[in-house]
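Asks: could you work out the structure for the sequence below:
(one chain, ligands or ions: 1)
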Amino acid sequence: MTEKENLINAMKSGDVGSSVEMTEIALSAGIPASEIADSLIQTIREIGDAFEKFEIFLPEMMVASDAMVEILKILEPRLKEESSDLEMKPAKIIMATVKGDIHEIGKNIVMTLLNANRFEVVDLGSDVDSLDIVKAAEREKADLIGLSSLMTTTMLGQKEVVEILNEMKLREKFKVIVGGAPTNQEWADRIGADGWAPDAASAVRLAEKLTNNKGDR
Ligand code: B1M
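Replies: Predicted coordinates:
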């Protein structure tokens, strides 16, 4: 079995200790962090599909996602190293998963890549109240607000943030980008967001575009 297969098996079984160990081994074997991250994303999607088909139970999905969160912590500095463009000036982005939604793996991957591409990222975590997001953007003097939502029931949290920005006459101050599995470009247009990205790499490109390639702050 290859190092990557061992790592994926450890993650699937939710064995955090072994996942951490296998990650170190895979990195020592010279496998790029970005390649490992791609495999993990693929694996967690397969796990989600299996859950949807009732092939596995919620606790199995939970332990695998917990292991993935720990693996990502190890990969993050390596992903940063692998990013070659060191000339960039950071723009600042506030990131949150919206109210009522605890999914954070996708947001964390987006943050990891933004970080790796020299954005300054402020993580508000998951299940974050809409007004708190706006207040944090003000407090942090952010350029962008990034909102993740993984459930059809929580997508409205993204809309609410834009509405609050409008009500508080702050809309022009921040670019808003949205993402997450149930969202799409049409949704972003409908709620008046500045952009939507289907995955982490596109989110980085979008953030770069909206901040004139890394902030002229
Ligand atoms: Co939950 N969950 N979950 N879950 N979970 C989904 C989302 C679900 C589709 C599974 C299913 O039933 N088929 C379903 C939502 C259904 C819906 O509304 N459409 C669901 C449900 C229902 C639930 C619970 C309600 C289950 C329950 O308790 N009965 C509960 C939610 C409670 C709550 O939030 N209030 C719940 C709980 C959990 C776990 C805790 C077990 C765990 C989350 C752990 C964690 O995040 N710490 C979990 C997981 C892991 C999933 C699945 C399997 C995987 C999600 C994920 O991490 N994907 C998911 C099923 C699936 O997706 N097939 C599912 C991998 C990740 C890399 O992809 O998040 O899409 P994704 O992020 C991508 C892009 O979307 C994009 O870039 C990322 C990287 O490429 N992106 C952005 C994301 N955010 C972005 C922001 C951007 C730009 C791009 O700009 C700002």
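Asks: for the protein, what spans make up the helices?
Replies: When secondary structure is read from DSSP state H, the chain shows helices at 3-13, 16-28, 33-52, 58-82, 105-116, 130-140, 156-167, 185-191, 200-210.
Asks: turn those helices into TSV, including mean neighbour count.
Replies: (C-beta placed from N, C-alpha, C; glycine too.) Conversion of the helices of the chain to TSV gives the following (neighbours: other CB atoms under 10 Å):
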stretch	mean neighbour count
helix 3-13	19
helix 16-28	18
helix 33-52	16
helix 58-82	17
helix 105-116	23
helix 130-140	18
helix 156-167	19
helix 185-191	14
helix 200-210	19
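Asks: now render those helices as CSV, adding mean pLDDT.
Replies: Supplementary listing: these in CSV, determined by pLDDT from 0 to 100:
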stretch, mean pLDDT
helix 3-13, 93
helix 16-28, 95
helix 33-52, 88
helix 58-82, 88
helix 105-116, 85
helix 130-140, 98
helix 156-167, 98
helix 185-191, 98
helix 200-210, 91
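Asks: the residue nearest the centre of the chain and the ligand, how far apart?
Replies: When the chain is reduced to its mean C-alpha position, the closest residue under CA atoms, centre = their mean turns out to be residue 107, at 2.0 Å. Plainly put, residue 107 is 5 Å away from the ligand if you go by CB to the nearest ligand atom, to the nearest Å.
Asks: again, but for residue 5
Replies: Applying CB to the nearest ligand atom to residue 5 and the ligand gives a distance of 19 Å.
Asks: and for residue 190?
Replies: Spatial separation of residue 190 from the ligand under the definition CB to the nearest ligand atom is 16 Å.
Asks: contacts only, for that residue.
Replies: Under the criterion of CB atoms under 8 Å, 6 or more residues apart in numbering, residue 190 has no contact partners.
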